[in-house]
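K.L.:
No letters, just coordinates:
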């Protein structure tokens, strides 16, 4: 089975991000505590002077290691909970206003043109904008740390440093990209390892473009940049097609269940409104964008039981040479070529698989029946499933101290095994139906001969 490891187990690298210390662990989870912080109160008072409107029916609490707003009085459906003026938000235009002589807009436009065509980075415009803003924040705070600021930077910091320092202090240690090599090995036998490697390559690619083609900056610290890159992804919202950081909204939990709030734009302000009655003691919750556990794990360090079976895409090579070696067939096939890839999650994936297996078997003058082709592919899928099963879930506590990390990896593994088991059952049913029809035809032929 070593041949298959060469396909599934990619050599991964990880970027060990330098992390700020988060809150000390409590002895028990799920204990709600009042969050009292001079830093938060100062930030809140400053924002109120800038026309922030916040209801007195909510309070910041510390729950499950995170600061989150909770209702301390009943809130009625339709009631405005927060009203945030644009002047305390941060988007790409904010940087243009504070740094008018840096040609930031022209550089951004150049970056967009390169990014939309590049194979080195994700081409989605939101990712392009997030990465550009992440670099600008990285650069501003890098200069601040070495005390090389200028009047423009000082003005930006005077207006926004309190907000950025507060909302960007989250713990990123649960992101796979911050894991040690020993920890990474615990998910190497999954397709997530390929996704992990691909995303890291994209992040590295965008950094290289920013460094060499946009800002000519050879001194970029990858660890520090990645802190801002991940946090900007987690904290930002799409407001009028602009990546936007919205202070205080980040303190509302985002989830896929029990949603009781929504974000709306209204007459120059951003509002958080209740979409149902919220009882005293309930956490405020905004809808999290639906994504796979793989995606959520990589960018947020979170997975959900509800998403275990949500697998909209599972791309694999259609055929690999070693699968046929047991049949005495030797072929020179590129495993990673686009023409040799199929999304196993597609309902009609077998329409792509069957012709290729038939063609290969015809070339080597072997039995090319549909049943033979499907049995070969079934053997292949079972190998993939068995490789995923080789991840030793029972040993995860040797590498992780936090149950969240263990649970996340368990969900990744369980989701892939569940998906592959379903595909195996589906393919076995197809084979059985083919076999049944073949037997029926055979019996019909025998009956026809007897009738003669």
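P.N.:
Nice, I can see it. As the structure is a computational prediction, the values presented were derived from the model and not from experiment.
K.L.:
what about the closest residue to residue 344 other than its chain neighbours, neighbour count?
P.N.:
Leaving out its chain neighbours, the residue that sits closest to residue 344 by Cβ to Cβ, 6 or more residues apart in numbering is residue 314, at 4.3 Å. Where you see a C-beta, it was placed from the backbone N, CA and C, and this is true even at glycine. Residue 314 is flanked by 19 other residues according to other Cβ atoms under 10 Å.
K.L.:
so what pLDDT did the residue most central in space within the chain get?
P.N.:
The chain has residue 295 as the residue nearest its centroid, 2.4 Å off, counting by Cα atoms, centre = their mean. According to the prediction, residue 295 has pLDDT 94.
K.L.:
same question, residue 327
P.N.:
pLDDT, residue 327: 68.
K.L.:
cool, and residue 59?
P.N.:
Value listed for residue 59 in the pLDDT field: 93.
K.L.:
Residue 445 now?
P.N.:
62.
K.L.:
Go ahead and list the helix or strand containing the residue nearest to the centre of the chain.
P.N.:
Using DSSP states H and E, residue 295 falls within helix 293-300.
K.L.:
cool, and residue 159?
P.N.:
If you go by DSSP H and E, residue 159 is part of helix 151-167.
K.L.:
Which neighbouring elements make contact with that helix?
P.N.:
helix 38-49, helix 92-98, helix 125-145, strand 242-245 (3 or more Cβ pairs under 8 Å, 6 or more residues apart in numbering; DSSP states H and E).
K.L.:
Which positions in the longest one come out as buried?
P.N.:
If I follow you right, that is helix 125-145. In terms of neighbour count (16 or more other Cβ atoms under 10 Å), helix 125-145 has its buried residues at 127-142.
K.L.:
my read is residue 401 is in a helix, agree?
P.N.:
No - under DSSP: H, G, I helix; E, B strand; the rest coil, residue 401 sits outside any helix and is assigned coil.
K.L.:
how near is it to residue 259?
P.N.:
32 Å (Cβ to Cβ, to the nearest Å).
K.L.:
of these two, who's got more company?
P.N.:
Using other Cβ under 10 Å as the criterion, residue 401 and residue 259 rank with residue 259 on top: 16 against 8.
K.L.:
Verify the stated contact: residue 391 with residue 187.
P.N.:
Yes - here residue 391 reaches residue 187: they are 6.7 Å apart, a contact under Cβ atoms under 8 Å.
K.L.:
Those two: who's more crowded?
P.N.:
residue 187 (25 against 21).
K.L.:
give me every residue that touches the more buried one.
P.N.:
176, 193, 196, 391, 409, 412-413 (Cβ atoms under 8 Å, 6 or more residues apart in numbering).
K.L.:
Just the strands from the stretch 151-300 of the chain, written as ranges.
P.N.:
For the stretch 151-300 of the chain, strands defined by DSSP state E, counting those that start in this stretch occupy the ranges 236-239, 242-245, 253-255, 261-266, 269-274, 285-287.
K.L.:
Most tightly packed of those?
P.N.:
strand 242-245 (a mean of 22; mean count of other Cβ atoms under 10 Å).
K.L.:
Please identify which of the strands of the stretch 151-300 of the chain is closest to residue 307.
P.N.:
Each of the strands of the stretch 151-300 of the chain has some distance to residue 307 by Cβ to Cβ; the shortest is strand 253-255, at 11.4 Å.
K.L.:
quick one: the host helix or strand of residue 83 to chain centroid distance?
P.N.:
Using DSSP H and E, residue 83 sits in strand 80-85. In this view, strand 80-85 has its centroid 28 Å away from the chain centroid, taken as Cα atoms, centre = their mean, to the nearest Å.
K.L.:
Parallel or antiparallel, which strands does it pair with?
P.N.:
Strand 80-85 pairs in its sheet with strand 53-54 (antiparallel), strand 269-274 (antiparallel), by DSSP bridges.
K.L.:
could I get those as TSV with mean pLDDT?
P.N.:
Listed next are these as TSV, based on pLDDT from 0 to 100:
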stretch	mean pLDDT
strand 53-54	94
strand 269-274	93
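K.L.:
Next, format these as CSV and append distance to residue 85.
P.N.:
Shown next, in CSV, are those (distance: least, Cβ to Cβ, whole Å):
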stretch, distance to residue 85
strand 53-54, 9
strand 269-274, 6
